[in-house]
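Visitor: quick one, fold the following:
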Amino acid sequence: MKFIKKLQLPHPDVFNALKRYVFVYESLYAQFITWDRQTWKPLPTPRAKLTFWFVTSTVVTILLFFFIFFSIRELIAYQKDPNISSTHVLLLALYICLQVLALAAVFTYILKVDEICFLIGNIETLTEFLEPKGQELPETSALFLGIFLHIMIPIPLGASLSAGSVPAFLNDIDPTYFLFRTLRCIPQRANIRVLLGAITILHSCNLVMSFIVYLVNATLPILCCLKFMTNQSLDIMHQSCRTSQFVHHFRKYRQLQILIRVENQVLSYVLSLALVGGLLSCCAAGYLLVKLSTKVPLPLTLLAACFFLIIIASAHFLFPIASNICMTSRSFLRLWKLQKMSTYRRNQLRSCTLLRISVGRYFFIEREARTTFISLLLYYTVTLVISV
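Guide: Take a look at the predicted model:
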């Protein structure tokens, strides 16, 4: 009993999830972003250390284009391939969606690595603002979100083992079968398929999961900072020091505007692809779980269940962060607009724009985004299960 009382479990907060994710996957191979273990500041990894990363990303890209070419050829062909069943179509759709997201993450890392490091590097700055007297806001711990991110840490490894073991159960169900069925001159084709499937799924899942972990750690402090400023503004509305507080909050709000603009630039293409790819993947995984669970190997069923739950959990946890930024920003600006202040201060306030996360050039994430996405996801999944 004394040992149990002294036992302290590691706290599953969001930033600890990032640290543990970095510890696990940097030990496997060099990532595109390297973390200083003393200051925990992100830095772009030198290209000389990223040989395996670039080679694996190239293989993922080649496989993606082959799967897309193969799918289009079968769609427009007069005589369909008799070896292709509905199971192959669903698995091919899952692989294509995952690799499209991975390819989007690859190009975002390559083209926007400085912006990503800038966003994540401001975590400590925002945390210091949130803790002026050593007190922590409840939102900074984000217990359930931290648990969700900790659950995501072993998923790339588990998905890699599941995908690599599929050819051992059924030789012709894995999408790589269509790549190697005509290449009979290659020896040890089964071993190559196992290795190819395991490595590409590991790298693709790692790209997607790491992007989610970085995105949450970059966005959640912005929301917490906005809530802190809004609550503090409510407390000082009847005090005489409102002008000095306005200057302080105005300066911090400008910094948050810069961070949100940079984040929207980083997410300009990834977020729209993630929504469409997540919707298609969830429909395919749901159909596979309901109708084809007895026809596919157990590792593939577990992989589909994992994808289905991760997509729904991501929508449940991540959409409120983006929508709450918009609502809290609107409340903060409304509070100060109701106060009496000079014309100069009021012009400064008018120059402050609403903080919103955009999905490319299509729309902004609002309050009803989570409900809309999950309802569409369930509607199309149930429709696919009933109609096919």
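Visitor: drop to CA atoms for contacts and neighbour counts, all remaining ones
Guide: Will do.
Visitor: A strand includes residue 43, no?
Guide: Yes. According to DSSP: H, G, I helix; E, B strand; the rest coil, the state of residue 43 is that of a strand.
Visitor: what are the phi and psi values at the closest residue in space to it that isn't next to it in sequence?
Guide: Spatially, and ignoring its direct neighbours in sequence, residue 43 is nearest to residue 34 (5.3 Å; C-alpha to C-alpha, 6 or more residues apart in numbering). Backbone geometry at residue 34, expressed as degrees, to the nearest 10, gives phi -100, psi 140.
Visitor: so residue 34 touches residue 40, yeah?
Guide: No. Proximity of residue 34 to residue 40 does not meet the contact threshold set by C-alpha atoms under 8 Å, at 9.3 Å.
Visitor: so between those two, which is more surrounded?
Guide: Using other C-alpha atoms under 10 Å, the more surrounded residue of residue 34 and residue 40 is residue 34, with 17 against 14.
Visitor: all helices of the stretch 1-150 of the chain, in order?
Guide: Secondary structure of the stretch 1-150 of the chain (DSSP state H, counting those that start in this stretch): helices at 2-6, 14-26, 51-76, 86-121, 123-130, 138-141, 143-152.
Visitor: of all the ones you listed, which one is nearest residue 382?
Guide: Closest to residue 382 of the helices of the stretch 1-150 of the chain, according to C-alpha to C-alpha: helix 86-121, at 15.0 Å.
Visitor: so the closest residue to residue 318 other than its chain neighbours, which of the three states?
Guide: Distances taken as C-alpha to C-alpha, 6+ apart put residue 216 closest to residue 318, at 7.5 Å, once the chain neighbours are dropped. The local conformation at residue 216, judged by three-state DSSP, is helix.
Visitor: give me the buried positions along the host helix or strand of residue 245.
Guide: Using DSSP states H and E, residue 245 sits within helix 242-266. Of the residues in helix 242-266, those with enough neighbours to count as buried (16 or more other C-alpha atoms under 10 Å) are 242, 245-246, 249-250, 252-253, 256-257, 259-260, 262-266.
Visitor: just checking, what packs against the next helix or strand after it?
Guide: Per DSSP H and E, the first helix or strand lying C-terminal to helix 242-266 is helix 270-291. Contact here means 3 or more C-alpha pairs under 8 Å, 6 or more residues apart in numbering; DSSP states H and E; on that basis helix 270-291 packs against helix 86-121, helix 298-337, helix 369-387.
Visitor: can you mark which positions in helix 270-291 are buried?
Guide: Of the residues in helix 270-291, those buried under the neighbour-count criterion (16+ other C-alpha under 10 Å) are 270-275, 277-289.
Visitor: can I get the CA coordinates of it in CSV?
Guide: Output in CSV follows, covering the C-alpha atoms of helix 270-291 (Å, rounded to 0.1, in the frame of the first residue of the first chain):
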residue,chain,number,x,y,z
VAL,A,270,-3.5,19.3,-45.8
LEU,A,271,-6.7,20.0,-43.9
SER,A,272,-9.0,19.8,-46.9
LEU,A,273,-7.4,16.6,-48.0
ALA,A,274,-7.6,15.2,-44.5
LEU,A,275,-11.4,15.9,-44.3
VAL,A,276,-12.1,14.2,-47.6
GLY,A,277,-9.6,11.4,-47.0
GLY,A,278,-10.8,10.8,-43.5
LEU,A,279,-14.4,10.6,-44.7
LEU,A,280,-13.6,8.1,-47.5
SER,A,281,-11.4,6.0,-45.2
CYS,A,282,-14.0,5.8,-42.5
CYS,A,283,-16.6,4.7,-44.9
ALA,A,284,-14.4,2.0,-46.3
ALA,A,285,-13.2,0.8,-42.8
GLY,A,286,-16.8,0.8,-41.5
TYR,A,287,-18.0,-1.4,-44.4
LEU,A,288,-15.0,-3.7,-44.0
LEU,A,289,-15.8,-4.1,-40.3
VAL,A,290,-19.5,-4.7,-40.8
LYS,A,291,-19.7,-6.9,-43.9
